[in-house]
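[1] here is my input; please provide its structure:
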Amino acid sequence: MKKEYDTSVKEAIERVMSVFSEYIKTTPYFDIVWSGKVGYIYISIDSCRGTVGDMDCLVIDSPEELLDKLLYDHGGRWARPKPGRSVSIGAC
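    Numbering: from 1, shown residues only. Sure thing, here's the model as predicted:
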């Protein structure tokens, strides 16, 4: 079994990784690795134990999926409301 991405899909995934390269390199919470068997894999890391977290690992099938994952991860860890401001959850 060998993962074969369409050329345009692989290039788009690599563009997303390039845009987020510094974040991907420096975050202790996940890594993205290449497997010739299944393609790019997002691996969560339990930074307290220094082990692979088994709850949040996935094979990246599209650049949109990777972008959504990175934005959710990045926003979820770092986005904080300014003091005195409320955050609304729901449709914009």
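
[2] hey, let's count contacts and neighbours off CA atoms from now on
    Noted.

[3] helices of the chain, start to end?
    Taking DSSP state H as the criterion, the chain contains helices spanning 7-19, 21-26, 63-78.

[4] so which of the ones you listed gets nearest Gly50?
    Closest approach to Gly50 among those is made by helix 21-26 (14.7 Å; C-alpha to C-alpha).

[5] packing partners for that closest one?
    strand 30-35 (3 or more C-alpha pairs under 8 Å, 6 or more residues apart in numbering; DSSP states H and E).

[6] quick check: angle from the strand it packs on to helix 7-19?
    Interaxial angle of strand 30-35 relative to helix 7-19 (axes from the mean of the first three to the mean of the last three C-alpha atoms, to 10 degrees): 150 degrees.

[7] and strand 30-35, what other elements does it pack with?
    helix 21-26, strand 39-46.

[8] partners of that strand, with directions?
    Partners of strand 30-35 in the sheet, by DSSP bridges, are strand 39-46 (antiparallel).
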